[in-house]
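Asks: A predicted structure for the sequence below; I have some questions about it.
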Amino acid sequence: MALRKELADGGFDAGADTIRTHLARRHAVVPSTSTIWRVLKARGFVVPQPKKRPKSSYARFCADLPNECWQADVTHVEVADGSVLEVLNIIDDHSRLCVASRVFVSTRSPDVVRTLHRAADQWGYPEKFLSDNGAIFTASKGGGVGDMEAELLSLGIASKHGRPYHPQTQGKVERFHQTVKKYLAKQDPVTTKKQLQGQLDRFVTYYNTVRPHRALGRRTPGDVFAARDKSHPLGPRIDSAGYRVRNDKVNKNGTVTLRYRGRLHHIGVGRSYAGWRVILLVAGREVRILGADGSPLRQLILDTDQDYQRMS
């Protein structure tokens, strides 16, 4: 009971499995998880939920390697004076390792870029970066590319976004938000960004290196991250600074379409490229068309008087 109180008072998970894992680190012989559960139930610390869907029934996706995919999201934390700060959390999909947890008054795209590089200095760059469709992650709604997407393109990191109103796509980082907030609720009240960052730094160290994780067979995220070779960026490095970026597909006639000042133009690429996924970099009337691997397919100055832009 003393260990359970220590964990619960600290804002950490204090379930039967977690208690047994901590006991096993300290003692050679420990009771079974079921025995610990029965003791907790007898003391009133566990309330059976027979109608609750078992965790084993959920279909889970997990990346095969560390750094194969990072999940990122922002959550809000209210501090003692009633003001609200934003916390950017980034989780490694394979190991659940928290690679970054940073506090901002209001998170902007450049903050996400700096956090990415800071995390990569310690853990390496990921192959893919998964987030929601928030403006700090993508500018796709405006037809352009944001700071974060431009940085990912330049690093060869694939940018992925969950469906709108479907937070389950970023389920691991969403669950991490809950774990963090449970911990913060047990800590001394704070009023400043620096104080909150200090609490987060202490939690991340505990979470990565001490806390046994249910989804990882009660191993720590740090142990799982270190156990396998790491993935890395696999895409082409594309400098998109100053360009509006579009992803498109060459149609069966060998063309792609581009709207300029309200008028739709068809740009010839070649029938041999029909079905190819391509990247369009647009700066005013200048258009560059690249294959998904970064190979140049065509570059032109758009003729605004012509609907169809012929191959030269």
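Replies: Cool, got the structure.
Asks: Tally up the residues packed near Lys252, please.
Replies: 8 (other C-beta atoms under 10 Å). In short, each C-beta sits where N, CA and C put it, glycine included.
Asks: mind listing what it touches?
Replies: 271, 274-275 (C-beta atoms under 8 Å, 6 or more residues apart in numbering).
Asks: Give me the phi and psi for Pro66.
Replies: For Pro66, the backbone dihedrals (degrees, to the nearest 10) come out as phi -60, psi 140.
Asks: What score does it have for pLDDT?
Replies: Note for Pro66: predicted pLDDT of 96.
Asks: got it, and Gly142?
Replies: Listed pLDDT for Gly142 reads 47.
Asks: from now on call the first residue 46
Replies: Noted, 46 is the first residue going forward, which turns the last one into Gly187.
Asks: that older thread, of the contacts of Lys297, which is the nearest to Arg263?
Replies: Proximity of the contacts of Lys297 to Arg263 (C-beta to C-beta) peaks at Gly320, which lies at 46.8 Å.
Asks: which residues touch the closest one?
Replies: With C-beta under 8 Å, 6+ apart, Gly320 has these contacts: 294-295, 297.
Asks: repeat that for 6 Å
Replies: Applying C-beta atoms under 6 Å, 6 or more residues apart in numbering to Gly320 gives no contacts.
Asks: do Ile136 as well
Replies: Taking C-beta under 6 Å, 6+ apart as the criterion, Ile136 is in contact with 116, 143, 217-218, 221.
Asks: so is His277 in a helix, a strand, or just coil?
Replies: Using DSSP: H, G, I helix; E, B strand; the rest coil, the structure places His277 in coil.
Asks: State the number of residues packed around it.
Replies: Neighbours of His277 (other C-beta under 10 Å): 14.
Asks: Now do the same for it: its pLDDT.
Replies: Confidence score, pLDDT, at His277: 96.
Asks: I'd like the distance from it to Ala165, if you could.
Replies: 10 Å (C-beta to C-beta, to the nearest Å).
Asks: worst-scoring helix or strand of this protein, pLDDT-wise?
Replies: Lowest on mean pLDDT, DSSP states H and E among the helices and strands of the chain sits helix 47-54, with a mean of 58.
Asks: Show me the strands in this protein, by range?
Replies: Assigned strands in the chain, in chain order: 114-123, 129-137, 143-149, 173-176, 203-206, 289-294, 300-305, 308-313, 322-328, 331-336, 341-346, 353-354 (criterion: DSSP state E).
Asks: partners of the fourth one, with directions?
Replies: Using DSSP bridges, the neighbouring strands of strand 173-176 in the sheet come out as strand 114-123 (parallel), strand 203-206 (parallel).
Asks: ok so, going back, can I get the contacts of Ile136 in JSON lines including distance to Gln242 and neighbour count?
Replies: Shown next, in JSON lines, are the contacts of Ile136 (distance: C-beta to C-beta, whole Å; neighbours: other C-beta atoms under 10 Å):
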{"residue": "Gln116", "distance to Gln242": "21", "neighbour count": "28"}
{"residue": "Cys143", "distance to Gln242": "14", "neighbour count": "24"}
{"residue": "Lys217", "distance to Gln242": "22", "neighbour count": "23"}
{"residue": "Val218", "distance to Gln242": "18", "neighbour count": "26"}
{"residue": "Phe221", "distance to Gln242": "16", "neighbour count": "22"}
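Asks: for those, which one is nearest Ala328?
Replies: Gln116 (31.9 Å).
Asks: What pLDDT does the model give that closest one?
Replies: Predicted confidence (pLDDT) for Gln116: 95.
Asks: Without its sequence neighbours, what residue ends up closest to it?
Replies: Distances taken as C-beta to C-beta, 6 or more residues apart in numbering place Val218 nearest to Gln116, at 4.1 Å, with adjacent residues excluded.
Asks: quick one: low-confidence ranges for the protein?
Replies: Applying pLDDT under 70 to the chain flags residues 46-105, 185-191, 208-214.
Asks: Could I get the contacting residues of the spatially most central residue of it?
Replies: With distances taken as C-alpha atoms, centre = their mean, Gln116 lies nearest the centre of the chain, 1.4 Å away. By C-beta under 6 Å, 6+ apart, the residues touching Gln116 are 136, 138, 175, 215, 217-218.
Asks: now those residues in TSV, with distance to Ser285?
Replies: Shown next, in TSV, are the contacts of Gln116 (distance: C-beta to C-beta, whole Å):
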residue	distance to Ser285
Ile136	26
Asp138	25
Leu175	20
Gln215	24
Lys217	28
Val218	26
